[in-house]
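Chemist: My questions are about this predicted structure, shown below with the sequence.
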Amino acid sequence: MSEPFRKRWGLFPNPGVDRTIAALDARQDCQRIVRLMGQYDMAWDMQRALELALFYTYGSDSVSTLLNRTGEFREHGQKRYDDTRLLIGHFLEAGWDSEAGAQALDRINRTHAHYRIPNEDYLFVLWTFIEFPLRWSKVYARRPMTAHEREAGFNFWVEIGRRMGLSDIPPTRAAFDAFIEGYKQRHFKPCEASAQVAQDTLRVGQAWLPWPLKGLVAPVVYSLFDDDALFLAAVGARKPPRWFAALVRGGLRTHGWLRRGTRLGAYPLRLADTPNRSYPGNRYTIEQLKPVHLQRVEGEAPSGTPGDAESAVAPAGRCPHAWR
């Protein structure tokens, strides 16, 4: 659905976006609120926040053990990154009831069905999608999310969780946060699988840059987690120097401040406007957005070296060092 908003004078944000969001119901209209934030108000910020959310999931030994055993980030990291971004992007952009959104959720559910994934791991990942946009907007976006927007985001992701078959989803933010504190105490521990998947993902970002800048990727990313010693220990990362972290954080705050009154680029920002490396020209089908090792299992010619889907099933909560 296209919204009737245009930039003012080709440069300034349309105040009608914020007014429309404020007038919508945080529960009944949560899909539209999330879409308006993601396409107009905080397009760049939502992308960065969800990238950090996914990276944070590597702190869990249980999540990382499965991700490492499939080998997807190690062997097909760019495709894994693009597939995840596109699948999430489709139901953020079009809602879960749209054809594309429903197809994306179905593709995610069929992919997950190949593995034994504990419900608490699903809940942890879901929580990161709720939490990290709030954290990012509070510190680095052009403005913090309003309480109304935070409520809409929570309602949106809880419904996504329901449609993915999750059980025992905490009913409030406070209850969810309390659950996560217990989860982190159980699963955020130094683990070779966590370190390996984090390194594999950082290499995806390094491949985008000229060689003199590749070495900055890891310290820049870890500067955004420098206040979370438990996570850094879990992924085997060193805390960046204080001056470097301050420089990174200060640069992002300045970037957010500069964007308070202006809008550059596409408005609204749609998936079709965002090029990706795995599918030049955005020529793909939602059915293609799945791990390479599952292509053979689901009857397709693999686009990379396939694995055995059954061998990719990881026992919950283990961290076998031999899988590194």
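Modeler: Great, that's in hand.
Chemist: The residue most central in space within the chain in helix, strand or coil?
Modeler: For the chain, the residue nearest the mean C-alpha position is residue 50 (3.1 Å; Cα atoms, centre = their mean). Per DSSP: H, G, I helix; E, B strand; the rest coil, the local secondary structure of residue 50 is helix.
Chemist: That one contacts residue 125, doesn't it?
Modeler: No. With contacts counted by Cβ atoms under 8 Å, residue 50 stays clear of residue 125, the gap being 11.2 Å. Backbone N, C-alpha and C define where each C-beta goes, glycine included.
Chemist: ok so, going back, could I get the contacting residues of the residue nearest to the centre of the chain?
Modeler: 85, 88, 129, 132, 133 (Cβ atoms under 8 Å, 6 or more residues apart in numbering).
Chemist: top of the residues you listed by neighbour count?
Modeler: residue 133 (27 neighbours; other Cβ atoms under 10 Å).
Chemist: Once you drop chain neighbours, what's closest to that one?
Modeler: Computed as Cβ to Cβ, 6 or more residues apart in numbering, the closest residue to residue 133 that is not its neighbour in sequence is residue 49, at 4.3 Å.
Chemist: Do you know the pLDDT at that neighbour?
Modeler: Reading off the confidence values, residue 49 has pLDDT 96.
Chemist: residue contacts, it?
Modeler: Here residue 49 is in contact with 132, 133, 135, 136, 137 (Cβ under 8 Å, 6+ apart).
Chemist: so of those residues, which ones are in helices?
Modeler: 132, 133, 135, 136, 137 (DSSP state H).
Chemist: Helix or strand for residue 79, just tell me which one.
Modeler: Secondary structure from DSSP states H and E places residue 79 in helix 72-94.
Chemist: so what does that helix touch, helix or strand wise?
Modeler: helix 30-36, helix 43-56, helix 99-112, helix 192-206, helix 292-297 (3 or more Cβ pairs under 8 Å, 6 or more residues apart in numbering; DSSP states H and E).
Chemist: what is the rounded mean pLDDT of it?
Modeler: pLDDT averaged over helix 72-94 gives 95.
Chemist: residues in contact with the residue nearest to residue 8 when sequence neighbours are not counted?
Modeler: Closest residue to residue 8 apart from its sequence neighbours, by Cβ to Cβ, 6+ apart: residue 14 at 6.1 Å. For residue 14, the contact set (Cβ under 8 Å, 6+ apart) comprises 5, 6, 7, 8, 40, 267.
Chemist: got it, and residue 52?
Modeler: Counting by Cβ under 8 Å, 6+ apart, residue 52 touches 132, 136, 224.
Chemist: same thing but 6 Å
Modeler: residue 132 (Cβ atoms under 6 Å, 6 or more residues apart in numbering).
Chemist: For residue 184, see how far away it is.
Modeler: Counting by Cβ to Cβ, to the nearest Å, the gap from residue 52 to residue 184 is 16 Å.
Chemist: now swap in residue 99 and tell me
Modeler: Counting by Cβ to Cβ, the gap from residue 99 to residue 184 is 37 Å.
Chemist: coming back round to it: tell me which of the helices and strands packed on helix 72-94 approaches residue 241 most closely.
Modeler: helix 192-206 (17.9 Å; Cβ to Cβ).
Chemist: now what about that closest one, what contacts it?
Modeler: Residues contacting helix 192-206 (Cβ under 6 Å, 6+ apart): 58, 64-65, 67-68, 73-74, 77-78, 81, 214, 217-218, 234-236, 319, 321, 323-324.
Chemist: List only buried entries from those.
Modeler: Among these, those classed as buried by neighbour count (16 or more other Cβ atoms under 10 Å) are 58, 64-65, 67-68, 73-74, 77-78, 81, 217-218, 234-235, 319.
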